[in-house]
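[1] Have a look; sequence and predicted model below, questions after that.
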Amino acid sequence: MKNVVKLHALMSVAILGVGMIVAGCKSAPELPKDKALSMIQEHYNAAAPSGFEIRINNDSMVQGAAAKLWQRTTIYPNKYWADFKLTDQGKKLVKLSSGTDVIQWRPSSPTDPDFGIIVTTLAANHRKARDLKDIQDVGSKTKTVEFTEGVDLSGMPDSLVAMAHTPGNQLSTTRTATFVLDNNDWKLQSVD
């Protein structure tokens with residue numbers, strides 16, 4: 001009989017202990033995609049806006065000349081090397097990595113498909129977050145989600161937007177955001 005009483009007492013303590021553990025465990029709140037996207041965009045909006053690089057290929061050079069962003073000042077004897085000077089309009093829209101206002105166009109042949117230069121837009125915009133994938137649990141207090149980070153082309157002239165869409169330009173990147181649970185609320189920890 002003593003063993004039965006001890007067994008009942010031990011079972012009661014065990015049940016009470018399990019009940020206290022279960023009562024003490026709070027499940028983490030949900031992290032809806034729209035809230036995650038909003039936190040990521042707030043992160044981008046808090047950062048300093050910046051321009052972005054556009055790779056200019058042969059077709060883009062022609063587009064830029066037609067849009068009067070630069071004009072040819074020198075053509076070399078081989079007929080495919082040239083110098084182009086940024087116009088006043090071009091200086092308002094882009095800067096060259098050389099720090100000058102002269103594009104030195106030096107392809108290896110008249111049909112060189114790999115030659116290009118880089119210009120950086122002067123219009124400073126924030127990056128945009130979009131296309132969130134499914135949110136993944138990494139633990140009870142950490143979640144991650146992949147998304148697309150894209151450049152913002154708003155406020156740029158059509159000619160520059162067209163150049164940005166030529167082959168060789170990267171207008172979006174896949175990133176991963178990490179969220180952590182802090183005081184029973186999800187916070188954005190990092191964007192990698």
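    Perfect, thanks for sending it. Residues are numbered from 1 along each chain as shown.
[2] going forward, measure contacts between C-alpha atoms and count neighbours the same way
    Will do.
[3] where does the protein have its least confident helix or strand?
    helix 2-24 (a mean of 50; mean pLDDT, DSSP states H and E).
[4] Let's verify the most centrally placed residue in the chain: helix, strand, or coil?
    Residue closest to the average C-alpha location in the chain (CA atoms, centre = their mean): E149, at 2.9 Å. When classified by DSSP: H, G, I helix; E, B strand; the rest coil, E149 comes out as strand.
[5] ok, for it, nearest residue in space, not its chain neighbours?
    Nearest non-adjacent residue to E149, counting by CA to CA, 6 or more residues apart in numbering: A129, 4.8 Å away.
[6] Tally up the residues packed near the one you found, please.
    For A129, the number of neighbouring residues by other CA atoms under 10 Å comes to 23.
[7] Tell me the strands beside the host helix or strand of it, with direction?
    A129 belongs to strand 128-130 when assigned by DSSP states H and E. For strand 128-130, the paired strands and their directions (DSSP bridges) read strand 142-150 (antiparallel).
[8] Give me the contacts around the partner strand.
    127-138, 171-181 (CA atoms under 8 Å, 6 or more residues apart in numbering).
[9] Give me the helices and strands touching the helix or strand just after it, please.
    For strand 142-150, the following helix or strand on the C-terminal side (DSSP H and E) is helix 158-164. Other elements packing on helix 158-164 under the criterion 3 or more CA pairs under 8 Å, 6 or more residues apart in numbering; DSSP states H and E are strand 53-56, helix 58-66.
[10] which intervals of the chain have sub-threshold pLDDT?
    1-26 (pLDDT under 70).
[11] The same query, at a cut-off of 90, please.
    By pLDDT under 90, the low-scoring segments of the chain are 1-28, 97, 110-111, 113, 124, 139-140, 154-155, 167-168.
[12] Give me the domain ranges for it.
    Under the assignment automatic domain parsing, the domains of the chain span 29-48+127-191, 53-121.
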